[in-house]
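# Build me a model:
(one chain, ligands or ions: 2)
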Amino acid sequence: MGREPNLSVDEYLARHESKDLLRFITCGSVDDGKSTLLGRLLYDTKLLFDDQLAALEGDSRRHGTQNGELDFALLVDGLSAEREQGITIDVAYRFFTTERRKFIVADCPGHEQYTRNMATGASTADLAVVLIDARKGVLTQTRRHTYIAALLGIRHVLLAVNKMDLVGYDEATFRAIETEYAALAAGMGIPQVSAIPVSALRGENISARATAMPWFDGPSLLEHLETVVIQPPARTLGFRLPVQWVCRPDQNFRGYAGPVVAGSIAPGDEVVVLPGGARSRVARIVTADGDRTQAVVGDAVTLTLEDERDISRGDVIAAAGDPPQVADQFAAHLLWMDEAALLPGRGYWLKIGTRTVGAQVTEIKHKVDVNTQEELAAKRLELNEVGYCNLSLDQPVAFEPYAACRELGAFILIDRQTNATVGAGTLDFALRRADNIHWQHLDIDRAARARLKGQSPACLWFTGLSGSGKSTVANLVEKRLFALGRHTYLLDGDNVRHGLNRDLGFTDEDRVENIRRVAEVAKLMVDAGLIVLVSFISPFREERRMARELFAPGEFHEVFVDTPLAVCEARDVKGLYAKARAGGIRNFTGIDSPYEAPEAPEVHLHGGDQAPEQLAERVIRELLGEH
Ligand SMILES: Nc1ncnc2c1ncn2[C@@H]1O[C@H](COP(=O)(O)OS(=O)(=O)O)[C@@H](OP(=O)(O)O)[C@H]1O
Ligand SMILES: Nc1ncnc2c1ncn2[C@@H]1O[C@H](COP(=O)(O)OP(=O)(O)O)[C@@H](O)[C@H]1O
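Numbering: from 1, shown residues only. Ligands and ions are numbered 1, 2, ... in the order given. You can find the predicted model right below:
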């Protein structure tokens with residue numbers, strides 16, 4: 001048992017390579033006796049110490065592509081990519097081993113504020129140990145833990161009914177909890193539950209069978225962990241390999257390296273590369289130990305193909321006869337992990353497999369109360385909340401429903417500005433809505449329209465606090481352009497909010513949608529050949545970036561009307577600042593709603609220092625290129 005001291009990591013890996021690996025998560029709180037249970041388990045099996053685990057992690061990352069099953073990269077990959085992204089979600093991974101199996105246990109705190117930690121641990125786990133205090137029975141947190149485990153695709157639960165010593169090792173108490181929990185788990189789609197009565201404190205039924213509970217003839221907790229058979233999902237998929245990198249050591253060799261996440265492959269097999277759709281056959285399966293005649297799930301290999309194909313990181317190489325679907329719109333569960341709420345319509349990076357694409361949540365169908373599984377209406381998701389959402393990606397990706405394949409069905413969302421992992425989710429199915437809508441080709445194109453008007457279409461995007469002078473300056477600029485014979489249109493926040501956007505208020509999510517719509521309108525108008533002036537507070541950097549990306553390079557000019565809050569407040573033409581200060585308006589920009597100043601605007605106007613005419617002149621010079 002355990003790891004003999006003085007054994008090098010390489011020797012250790014070699015010796016234990018052949019044993020299979022069980023990843024599990026422990027759910028429960030300190031009060032349930034989780035620490036005692038884990039402590040005892042690790043003590044009884046003479047755990048591998050944490051610093052050695054750290055060394056092992058480092059080592060297996062260096063040797064990462066070798067065919068070893070002991071791929072610790074998985075610990076930091078998948079949903080825990082937040083490490084790469086620079087935020088730490090506290091999940092303690094422990095490693096131990098017995099004669100029969102190797103184990104990785106993710107020990108996550110149990111309270112509701114740690115839901116995201118639990119999800120991180122659960123995302124790579126095969127089994128969950130759910131702890132219950134025999135005196136308390138099934139609690140709200142039991143429901144929550146089971147729901148998160150089920151959401152993250154865990155199909156096996158070991159229900160450890162702990163503190164049996166405190167209920168006199170009473171069988172009826174145990175059976176009642178077992179029955180109640182079985183119904184709960186079945187309702188959440190967990191097919192396999194094994195209940196075991198234990199006393200972590202007394203060591204009853206932990207590694208050795210209990211003597212105090214002769215009525216229980218099942219295995220001890222450790223025996224169960226050592227012997228439980230983890231069934232793969234029902235449908236066995238064809239070959240899938242997400243390309244991690246393209247290996248080109250010289251002109252003669254081009255290999256595609258990555259993990260085999262489903263199926264198997266042999267030289268000569270026909271493959272398709274997705275999302276592009278190119279086809280070829282496998283020429284060689286290359287590993288550090290030489291060529292192979294076959295690669296199967298769990299292997300990390302490098303493939304070469306018979307034909308030269310344009311393949312890059314993020315593509316999926318798949319069995320030609322049984323490929324995954326490709327789509328850009330999905331229904332998905334999403335667990336929000338960031339202090340700042342998820343805002344539908346905002347752009348995030350989405351990472352699935354080895355691919356990263358731009359993405360938006362287009363709609364929150366409902367959020368799910370993690371404690372009761374009640375479905376509630378929601379316009380945003382706060383930290384640790386779960387929502388069922390529609391997702392829209394900027395480009396199509398190859399995917400599998402999470403229930404069929406975790407590696408191609410799990411995704412994370414990354415904030416585009418901070419690079420932090422802000423959400424993690426599971427794809428349910430592709431939405432077919434966009435399939436039958438094609439971009440209509442028009443013979444009169446934007447260049448033709450612009451030529452007729454004799455001007456270069458552009459978007460002048462004014463941003464700044466309320467009262468900063470956006471409308472005043474934009475208005476002057478439009479008059480000047482009009483006098484010069486230019487075709488223009490001014491979109492003003494106050495006006496657009498009376499019509500197109502009359503359904504929107506001033507919450508963060510409504511402002512995101514406000515800006516998204518007006519940016520799309522501005523884009524159409526630029527397409528029509530106009531010089532469009534947009535005058536909206538547009539307080540968030542992310543949405544201004546989104547607007548900018550809708551236009552061709554050089555077409556979008558961000559004009560920051562930088563007037564100090566005190567000046568705007570002193571002007572207070574509409575009396576709104578006074579109202580906001582008095583508490584009469586909530587979410588007022590600059591008072592109790594943020595304004596994120598532009599970092600690199602094309603034009604930076606100091607609205608408190610210069611007259612509107614001078615400011616307008618600077619904008620005209622920027623637009624007409626007379627600097
Ligand atoms: N809570 C709150 N916060 C900010 N502004 C408020 C608010 N409530 C009403 N108003 C008035 O609405 C105008 C801003 O609308 P916008 O569409 O430009 O705002 S945003 O871009 O969606 O943030 C803004 O007009 P301007 O003064 O022209 O900027 C205000 O007059
Ligand atoms: N550069 C400036 N100097 C002095 N007053 C200004 C200047 N720009 C605008 N104002 C005045 O400030 C008030 C608010 O301007 P407005 O254009 O309505 O701001 P916004 O559209 O950003 O809310 C108006 O009364 C306007 O006359």
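
# So stretch 455-469, near ligand 1 or not?
Yes: residues of stretch 455-469 contacting ligand 1 under Cβ under 6 Å from any ligand atom: 466-467. (Glycine included, C-beta is placed from N, CA and C.)

# can that stretch be found next to ligand 2?
Yes: on the criterion Cβ under 6 Å from any ligand atom, stretch 455-469 is in touch with ligand 2 at 464, 466-469.

# hey, what's the closest residue to residue 492 other than its chain neighbours bridged with?
Spatial nearest neighbour of residue 492, chain neighbours left out: residue 535 (4.8 Å); criterion: Cβ to Cβ, 6 or more residues apart in numbering. Beta-bridge pairing of residue 535 under DSSP bridges involves residue 462, residue 492.

# what separates residue 535 from residue 589, distance-wise?
14 Å (Cβ to Cβ, to the nearest Å).

# Which of these two has more residues huddled nearby?
residue 535 (29 against 23; other Cβ atoms under 10 Å).

# Count the neighbours of residue 242 for me.
By other Cβ under 10 Å, neighbour count at residue 242 equals 23.

# Could you pull out the strands in the stretch 401-550 of the chain for me?
Secondary structure of the stretch 401-550 of the chain (DSSP state E, counting those that start in this stretch): strands at 410-414, 421-430, 458-463, 488-492, 531-535.

# Format those strands as a markdown table; extra columns: mean pLDDT.
Listed next are the strands of the stretch 401-550 of the chain as a markdown table, based on pLDDT from 0 to 100:
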| stretch | mean pLDDT |
| --- | --- |
| strand 410-414 | 91 |
| strand 421-430 | 91 |
| strand 458-463 | 98 |
| strand 488-492 | 97 |
| strand 531-535 | 98 |
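
# that older thread, tell me the one of the residues of stretch 455-469 next to ligand 2 nearest ligand 2?
Proximity of the residues of stretch 455-469 next to ligand 2 to ligand 2 (Cβ to the nearest ligand atom) peaks at residue 469, which lies at 2.7 Å.

# List the contacts of the closest one.
561, 563, 605, 607, 612, 615 (Cβ atoms under 8 Å, 6 or more residues apart in numbering).

# separation between the second one and residue 179?
Noted for residue 563: a distance of 68 Å to residue 179, by Cβ to Cβ.

# Looking at these two, which has the bigger crowd around it?
Between residue 563 and residue 179, counting by other Cβ under 10 Å, residue 563 is the more crowded of the two (22 against 11).

# Skipping its backbone neighbours, what lies nearest the more buried one in space?
Nearest one to residue 563, counting by Cβ to Cβ, 6+ apart, is residue 607 at 3.3 Å.

# Spell out the secondary structure type for the one you found.
coil (DSSP: H, G, I helix; E, B strand; the rest coil).

# distance of it from residue 476?
For residue 607, the distance to residue 476 - Cβ to Cβ - is 12 Å.

# partners of the nearest residue to residue 210 once chain neighbours are set aside in the sheet?
Among residues not flanking residue 210 along the chain, residue 204 sits closest, at 4.0 Å (Cβ to Cβ, 6+ apart). Per DSSP bridges, the residues bridged to residue 204 are residue 199.

# show me the contacts for residue 204.
164-165, 169, 197-198, 210-213.

# Let's see that with 10 Å instead.
For residue 204, the contacting residues are 162, 164-165, 169, 197-198, 210-213, 216, 220-221, by Cβ atoms under 10 Å, 6 or more residues apart in numbering.

# Next: residue 136.
31-32, 142, 163, 177.

# Now, of the residues you listed, which are buried?
32, 142, 163, 177 (16 or more other Cβ atoms under 10 Å).

# What distance do you get for the residue nearest to residue 492 to residue 557?
13 Å.

# low pLDDT regions in the stretch 101-250 of the chain?
Low-confidence segments of the stretch 101-250 of the chain (pLDDT under 70): 232-235.

# So which bits of the protein are right by ligand 2?
Counting by Cβ under 6 Å from any ligand atom, the residues of the chain close to ligand 2 are 464, 466-472, 535, 571, 573, 607, 610-612, 615.

# Give me the residues contacting the strand or helix carrying residue 176.
Under the criterion of DSSP states H and E, residue 176 resides in helix 171-187. Applying Cβ under 10 Å, 6+ apart, the contact partners of helix 171-187 are 128, 130, 132-138, 142-143, 146-147, 149-150, 157, 159, 161, 164, 166-167, 170, 190-198, 213-216, 373.

# quick revisit: just the ones in strands from the contacts of residue 204, please.
Using DSSP state E, the subset of the contacts of residue 204 located in strands is 162, 197.

# which of the contacts of residue 204 count as buried?
Applying the neighbour count, that is 16+ other Cβ under 10 Å, the buried entries in the contacts of residue 204 are 162, 164-165, 169, 197-198, 210, 213, 216, 220-221.

# Done for today, thanks.
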